[in-house]
Structures are given as C-alpha cells and as structure tokens.
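Trainee: okay, sequence plus prediction incoming.
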Amino acid sequence: MLVNTTMAELSDLTFRTAFIIYIVALIMSFIYYGRVTAVIDVRREALAEKAEKAEKKVLVGAGGPDVVDTQSALDDSEYTAKVASARKWAGMTQALVWVGVALHVVAFVTRGLGAKRFPLGNLYEYILFMTAVIMVVAAVVIQRKGWHTIWPWLLFPMVIAMFLNSTVFHMQAAPVVPALQSYWLPVHVSSAAIGASIGLVSGAFALLYLLRMWQPRGEEHGFFGAIARPLPSAKTLDQMAYKTAVVTLPLFGIGIVFGAIWAEVAWGRFWGWDAKETVSMITWILYAAYLHARATAGWKSTAAAWINVFAMAMTIFNMTYVNTVIAGLHSYAGLN
C-alpha cells in the first residue's frame, strides 16, 4: 500500500482542528487588544489629570485660588483589576496558540507518515510546513510579557493562509513524481522553507514597525492611531525584525545553495534562471540588502524596513503566483 489513509486522514483532521483553535485564539487576541487599549486610555487620562492638578497647584503657590484634591478618574484597585483582566486574556490566547501549534506539528508529521515520505512534495504540504514553522517561531517570540498584542496581526493572515490551504491547495496524500524522489528534497526544501517562514515573521515585524513609526507612542491620531496604540515600541519591533532577518538570510541562502547542488545532480547545471530560482535569489538579495541597510547610517529608520517588507512581498509572490501560475522546472504544486 503506497499511502496510509488512516494517517493521511488524521493529518487533515488535526490541521483543521488547529485551524479552528487559531480562530478562537484570534478572537481572544482581539478581546485582549481591546482590553489593552482601554487600559492605555485610562492610564493616559489619569496622567493628564495629574498634570492638570500639578499645574493648578503651581497657580495656588503663585497666589491663585485653593485647589481641592479630588479623587482621580480611576482608583488604583480598579486600574489593577483592568490590567489583570487584560493579562488573563493574553495568557489564554498564548495557551490556546500552543495547543494549536502542537496539533499543527502533528498534522505535518502524520502527513509524512500517511504519504510514507518526507511531506514537502506539493504546494499543500509546503504551506502546511511553512505555517507550522511560522506559528512555532511566533509562539516562542511573542510569549514575552507585553508582546501579546502582536497576535492579532499574525493570527489573522495565518487563518487565511490555512483556510486557502485546506480548500484551494489541498491535495490527497500520494507518492511524489520521480523527479522529487531524492534525499535532496528534505535538505533543500526544508532549509529554504524554514528560512522563508522566519523571513515572513521578520517582514510582519517590519510592517508593524512602520506603522508604529507613523503613529509614535503617545502621539497616535485617527483610525490607524487607535489601531496602533497597543503595539510595542518602535524600537522593540525594529529589533525583532532585525534579529529574525539575521536568521533568515543564512537559512534561506543554504536552501538556495542546496537547490543548486540538486539541480546539478538532476539536470546537469547549477542554475537555469527558472522562475522560482530567480525570484528566490531576488528575495535573498533583498534580505541581504535589508541587513546591510540596517547597519548603514541614514538607513536605520523606515528606509531599511521597507526593504524587509518588499522581501516579504516577494516570498508571498513566490509561494502563490509563481507556484500556481508560472510553469517551470519547479511546477510541482499540482495546480499548473
């Protein structure tokens, strides 16, 4: 029997269960986001009230009328309760994400057991693996106190990607084409996919950094200011974008090198300017340019971050349009 149908069905079930859990976690993260926004508003109102009272006391000292010290807009116990309530939702979101991550990883492992091969033979399995890596990386990074407000920004696109993967891109477990029956498949594809996944996380942090730079903390205004209010500081977002990109560059580069070696073995040449090869190389160059710009005077602000965002856009373009529309030597998605 070429395929273990029981394991293949278990993989589909655990993937869909993880999808549902992520949806619940997304809803919880929205609630937490709203609670944090409320806490920030109350704190800023209290600080403004204190500043106003201090100004009035100065006037009293200068001969103005006496000021009666009234109760603050929010007493300490009520404020503490609001903070505790917000943190409770953060903890529940993080715990639920870890449950989803565990099921997500099980879905990938059982897919391999069901197909009786390394499960990176088509676009469905590739996205299954990449979304799992993204969620593992995000769960590790965002579990730090004060960073849970990033969850809505990551969970929302993950839910969309997983929905499309389970509907549009889904393929039944089956043996791969002869061209992929090589030990180079797990070596090349896994290293490139892990690098690209971490790169997408880096791009998300860079995008949020740009939003925070546009809406500085304490100076938010308008609709986007209200959205950006609970986000971490621009410095924190920039550091996380940089640190994850530092990991992305060598891993993604190693994946490209392994792919070139496999191409020499399979096709007799290291490079053939295939669409996926070309876009992957452009993406790697963009990450290298970002890291270089990040260390260059005059490029440390938003200019470098935009390069990271372009690299993220190229990765998404490579995963979607190149894999599904453009026919080439890497057309193993099962859709073109």
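Mentor: Received, thanks. Since we're looking at a predicted model, the values are computed, not measured.

Trainee: go through stretch 162-178 and flag the buried ones.
Mentor: 162, 165, 166, 169, 170, 173, 176 (16 or more other Cβ atoms under 10 Å). For the C-beta atoms, the positions are set from N, CA and C on the backbone; glycine is no exception.

Trainee: out of those residues, which one sits closest to residue 29?
Mentor: Nearest to residue 29, judged by Cβ to Cβ, of these is residue 162 at 15.7 Å.

Trainee: re the thing from before, of the buried residues of stretch 162-178, just say which sits nearest to residue 220.
Mentor: Of the buried residues of stretch 162-178, the one sitting nearest to residue 220 (Cβ to Cβ) turns out to be residue 162, at 31.4 Å.

Trainee: verify the stated contact: the closest one with residue 17.
Mentor: No: the criterion here is Cβ atoms under 8 Å, and residue 162 misses it with residue 17 at 11.1 Å.

Trainee: ok so, going back, restricted to strands, list the buried residues of stretch 162-178.
Mentor: In strands, judged by DSSP state E, none of the buried residues of stretch 162-178 are found.

Trainee: which of these fall in helices?
Mentor: 162, 165, 166 (DSSP state H).

Trainee: ok, for residue 315, nearest residue in space, not its chain neighbours?
Mentor: residue 196 (5.2 Å; Cβ to Cβ, 6 or more residues apart in numbering).

Trainee: which helices and strands does the helix or strand harbouring that neighbour pack with?
Mentor: Here residue 196 sits within helix 184-214, counting by DSSP states H and E. Other helices and strands packing on helix 184-214, by 3 or more Cβ pairs under 8 Å, 6 or more residues apart in numbering; DSSP states H and E, are helix 123-142, helix 151-167, helix 222-228, helix 234-267, helix 275-294, helix 302-317.

Trainee: what's the most buried one of these?
Mentor: helix 123-142 (a mean of 22; mean count of other Cβ atoms under 10 Å).

Trainee: list the helices and strands that one packs on?
Mentor: Against helix 123-142 (3+ Cβ pairs under 8 Å, 6+ apart) you get helix 76-115, helix 151-167, helix 184-214, helix 234-267, helix 323-324.

Trainee: re earlier: out of the ones in helices among the buried residues of stretch 162-178, flag the one nearest to residue 270.
Mentor: Using Cβ to Cβ, these come closest to residue 270 at residue 165, 31.4 Å.

Trainee: that closest one reaches residue 128, doesn't it?
Mentor: Yes: in this structure, residue 165 is within contact of residue 128 by Cβ under 8 Å, at 6.4 Å.

Trainee: can you give me the distance of residue 178 to residue 266?
Mentor: Separation of residue 178 from residue 266 (Cβ to Cβ, to the nearest Å): 10 Å.

Trainee: to clarify, my last question referred to residue 227.
Mentor: 48 Å.

Trainee: could you do residue 99 as well?
Mentor: For residue 99, the distance to residue 266 - Cβ to Cβ - is 40 Å.

Trainee: what do you get for residue 301?
Mentor: 44 Å.

Trainee: same question for residue 312.
Mentor: Distance from residue 312 to residue 266, by Cβ to Cβ: 30 Å.

Trainee: then residue 98?
Mentor: For residue 98 relative to residue 266 (Cβ to Cβ), the value is 39 Å.

Trainee: low-confidence regions, this structure specifically.
Mentor: 1, 45-79, 297-298, 300, 327-336 (pLDDT under 70).

Trainee: pick out the residue nearest the middle of it.
Mentor: For the chain, the residue sitting closest to the mean C-alpha position, by Cα atoms, centre = their mean, is residue 201 at 3.7 Å.

Trainee: isn't that one up against residue 137?
Mentor: Yes: taking Cβ under 8 Å as the definition, residue 201 is a contact partner of residue 137 at 5.3 Å.

Trainee: got any residues that touch both of those two?
Mentor: Here residue 201 and residue 137 have residue 244 as joint contacts, going by Cβ atoms under 8 Å, 6 or more residues apart in numbering.

Trainee: and stretch 98-113, what's buried?
Mentor: 98, 100-101, 103-108, 110-113.

Trainee: looking at these, which is nearest residue 242?
Mentor: Out of the buried residues of stretch 98-113, the member with the shortest distance to residue 242 (by Cβ to Cβ) is residue 101, at 24.2 Å.

Trainee: hang on, that closest one packs against residue 139?
Mentor: Yes: counting by Cβ under 8 Å, residue 101 does reach residue 139; the two are 5.3 Å apart.

Trainee: quick one: distance of the biggest helix by length in the chain to the chain centre.
Mentor: Assignment by DSSP H gives helix 5-61 as the longest helix of the chain. Offset of helix 5-61 from its chain centre (Cα atoms, centre = their mean, to the nearest Å): 17 Å.

Trainee: who does that helix touch, helix- and strand-wise?
Mentor: Against helix 5-61 (3+ Cβ pairs under 8 Å, 6+ apart) you get helix 76-115, helix 151-167.
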